[in-house]
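Student: Just to be clear, the model below is a prediction. Sequence and coordinates:
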Amino acid sequence: MALEAAIAADDDGDEVRRPVGARLLDELGRRILSGQYPPGAPLPTELQLCAEFGVSRTAMREATKMLAAKGLVVARKRAGTLVQDADNWNRLDPDVLAWMDAAPPDPEFIRGLIEARLAIEPAAAQLAAQRATSKDLALIESGYLAMRAADLRDLVACASADVDFHVSILKASHNPVFSGLASLIAQALANSFRLTTSVSKSYAKTLDAHGEVLEAIRLRQPELAASRMRALIDIASTDLKATTVAKPRKSGGKS
């Protein structure tokens, strides 16, 4: 099929034309993360891909170069362009995070994300309890109330509200590194919540845990805020362990 420029709507509802190269990169990235092109396997030849997508060799080479920069592929003499093992993928690259939405949740990556969150978010909650402004508190509370109001059958709404809550706390820390991480890992958190929220057998307990974090921050109790954040993330860890899909992947592809 010919790959034409994509038409999308911006925030004002106006149509925005995306370049062919960006659309091509997205499609190849999604195929790799979904396992259509598994680790260790070569991509179709340049001529095959050019014919399939109706693009020039220049556009195809540029897309391949971008995939390589993100750690997804590597060029080998006589072997062609090979998909790299998942351990080499730049999982926090904004494009890679976006492509993950098209694939099933990856328990191994989510496990790693939870470990990172345990190192980062309690510290952010502790700082937020010391530094949060009234506006910061309003944003954290807004995320919490959105979680309580979300229809449990609407996983997208639940995850979106959950992400807003955690991102607001990272920003409320007023630590420039944590604030930078907030925008970077928001989509990674959403991918995580797609799995852990869907398997939670105690969503009410999860909601209460979020409320307890909010209250500790609001009452300016740094140590308690950190402790409650650790307890909250432990719930996600327990949910992950309870899933039947939380197993190490043999191929490095998606589960």
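Tutor: All right, it came through fine.
Student: What ranges does the chain have for its strands?
Tutor: If DSSP state E is used as the criterion, the strands of the chain fall at 7-9, 15-17, 73-76, 80-83.
Student: Check which residues of the third one are buried.
Tutor: Using 16 or more other C-beta atoms under 10 Å as the burial criterion, the residues of strand 73-76 that qualify are Val73. C-beta: built from backbone N, CA, C; applies to glycine.
Student: Give me the below-cutoff pLDDT ranges for the stretch 1-150 of the chain.
Tutor: 1-18 (pLDDT under 70).
Student: need the helices for the stretch 1-150 of the chain, in chain order.
Tutor: 20-34, 46-53, 57-69, 94-100, 107-131, 134-149 (DSSP state H, counting those that start in this stretch).
Student: what residues go with each domain of this protein?
Tutor: 7-89, 104-241 (automatic domain parsing).
Student: Could I get those in TSV, plus columns for distance to Val96?
Tutor: Converted to TSV, these look like this (distance: least, C-beta to C-beta, whole Å):
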stretch	distance to Val96
domain 7-89	6
domain 104-241	9
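Student: For Ala186, find the nearest of the helices of the stretch 1-150 of the chain.
Tutor: helix 94-100 (8.6 Å; C-beta to C-beta).
Student: In space, not sequence, find me the middle residue of the chain.
Tutor: By C-alpha atoms, centre = their mean, the chain has its centre lying nearest to Ala188, at 1.6 Å.
Student: residues contacting that one?
Tutor: Taking C-beta atoms under 8 Å, 6 or more residues apart in numbering, we find Ala188 in contact with Arg91, Leu92, Leu97, Met100, Phe109, Leu113.
Student: Quick check: the gap between it and Gly143.
Tutor: Distance, Ala188 to Gly143, by C-beta to C-beta, to the nearest Å: 17 Å.
Student: Please apply the same query to Ser56.
Tutor: Computed as C-beta to C-beta, the Ser56 to Gly143 distance reads 45 Å.
Student: Also Asn175?
Tutor: Distance from Asn175 to Gly143, counting by C-beta to C-beta: 19 Å.
Student: So if I had to pick from those two, which one is more boxed in?
Tutor: Gly143 (20 against 17; other C-beta atoms under 10 Å).
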